[in-house]
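Q: my questions are about this predicted structure, shown below with the sequence.
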Amino acid sequence: MKRDIQSLTLDELTQVVLSLGEKKYRAEQIFHDIMLGKKIEEITTITQDLKDKLKEQFEDEQLKILTQKQSADGTSKFLYSLADGNIVEGVLMRYKFGNTLCVSSQVGCRMGCKFCASGLDGLVRNLSAGEILSQVIAVNKLLGGTLQDRKISNIVLMGSGEPLDNFDNLMQFLRIVTCNRGLNFSERSISISTCGLVPKIYKLADSGFKINICLSLHASNDQTRRSLMPIAKGYTVAELLDACDYYFEKTGRRILFEYILIKDVNSSTEHALRLAKLLSKRNCIVNLINLNEVKENDFKRCSDEVVNRFAEILKSYNINVTTRRSLGNDVDGACGQLRRSYIKNSTQKGE
Ligand code: SAH
């Protein structure tokens, strides 16, 4: 298969252009238009001859928006189709300070967290850097954004997949998306959500990119965490928190700990107190998420009282706590739900 042109950094594109006997500045023209979501054929600043040569070497339309569902609260849920027929999903959240796009890093996921719908069928494949990036390019274009006037201000890699399990493509994505000749996202406007691949957290800390980490903790002790997340069998909570401390020291970015509240599993006072003790000395934020129930498992969400009590206990230990607003519930907001219901429906219809 041909390489996708969106997976190239400006430097790499420059090498390509020079190897085709063209002037260096052509690379910038091409890069600019590709970041705007144009196909090679639609680039107006280069000759037909160069377009033809590029098309011989590169794929230029490896991701398309398949459907967009708009929720009453303004959240949009997207399904994207990939060139090989695979499907991934994403969410656009509108806040007062700007739009945040939640993007996927893999088709499926092999982490196997018990409460999550994304990993039910395991990992299908990694997304290329260009496929991760193309979600941003496509939605920015759809919203009428340009490079100078982007319609997306923040990116979170919190869709399907485990970003640190696709590390090299994540790095390449960061190189391209932060390039000041392209979309020019600042590192602080980019977050990844991870279930905690400890060695990769150290590697990311040493990578030079100072992006934000959202750490899917979901439990305050190893036993409970292991019952929910297979990855916890490889790394203890203590080892994970050590890695988080290192990340904070290295980058100065506060970790945001995500904690899904699941009825009768991790939401009692005992769990809250233990979490409070673990985190009270750390400069961090805790984001409490009431479980999004999915029909493939029996986990239940908590009542508002339980969520509030849990939050109050953490606050009494001076921990910064936010409670995630549940956005887009009416459009299958939970991870992996929309893709699953789409695939199921099209299979039932025999498509
Ligand atoms: N693999 C990464 C990112 C994808 S999941 C990670 O584990 O963080 C994004 C977030 O959604 C994670 O915090 C995940 O734990 C959470 N999540 C998954 N299923 C959920 C559900 N049913 N209800 C609420 N949050 C869920």
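A: Right, received. Where do you want to start?
Q: who in the stretch 151-300 of the chain is up against the ligand?
A: Selection of the stretch 151-300 of the chain residues close to the ligand by C-beta under 6 Å from any ligand atom yields Met158, Glu162, Ser193, Thr194, Cys195, Ser216, Glu258, Ile260, Ile289, Leu291, Asn292, Val294. In short, each C-beta sits where N, CA and C put it, glycine included.
Q: what's the neighbour count on Ala64?
A: Let me fix one detail, which is that residue 64 is Lys and not Ala. Per other C-beta atoms under 10 Å, the neighbour tally for Lys64 reads 12.
Q: tell me the contacts of it?
A: Residues in contact with Lys64 (C-beta atoms under 8 Å, 6 or more residues apart in numbering) are Tyr80, Ser81, Ala138.
Q: just to revisit the earlier point, most widely separated two among the residues of the stretch 151-300 of the chain next to the ligand?
A: Within those, Thr194 and Val294 form the most distant pair, 20.4 Å apart (C-beta to C-beta).
Q: wouldn't Phe185 be in contact with Thr178 here?
A: Yes: with contact defined as C-beta atoms under 8 Å, Phe185 counts as touching Thr178 (5.5 Å).
Q: compare these two and say which is more crowded by neighbours.
A: Neighbour count, other C-beta under 10 Å: between Phe185 and Thr178, Phe185 has more, with 21 against 17.
Q: for that one, which non-adjacent residue is closest in space?
A: Distances taken as C-beta to C-beta, 6 or more residues apart in numbering put Val177 closest to Phe185, at 5.0 Å, once the chain neighbours are dropped.
Q: if I look at the one you found, how far off is the ligand?
A: Per C-beta to the nearest ligand atom, to the nearest Å, Val177 is found 18 Å from the ligand.
Q: pull the number of nearby residues for that residue.
A: 22.
Q: I figured it was touching Glu187, is that so?
A: No: contact between Val177 and Glu187 fails when scored by C-beta under 8 Å: they sit 9.8 Å apart.
Q: could you check how many residues crowd around Pro199?
A: Neighbours of Pro199 (other C-beta under 10 Å): 12.
Q: just the element for it, please.
A: helix 198-205 (DSSP states H and E).
Q: and that helix, what does it pack onto?
A: On a contact count with 3 or more C-beta pairs under 8 Å, 6 or more residues apart in numbering; DSSP states H and E, helix 198-205 meets helix 167-177, strand 190-194, helix 237-251.
Q: next, the buried residues of it.
A: With burial defined by 16 or more other C-beta atoms under 10 Å, the residues of helix 198-205 counted as buried are Val198, Lys200, Ile201, Leu204, Ala205.
Q: related to what we said a few turns ago, quick check: which of the helices and strands packed on helix 198-205 is buried the most?
A: Most buried of those, by mean neighbour count (mean count of other C-beta atoms under 10 Å): strand 190-194, with a mean of 22.
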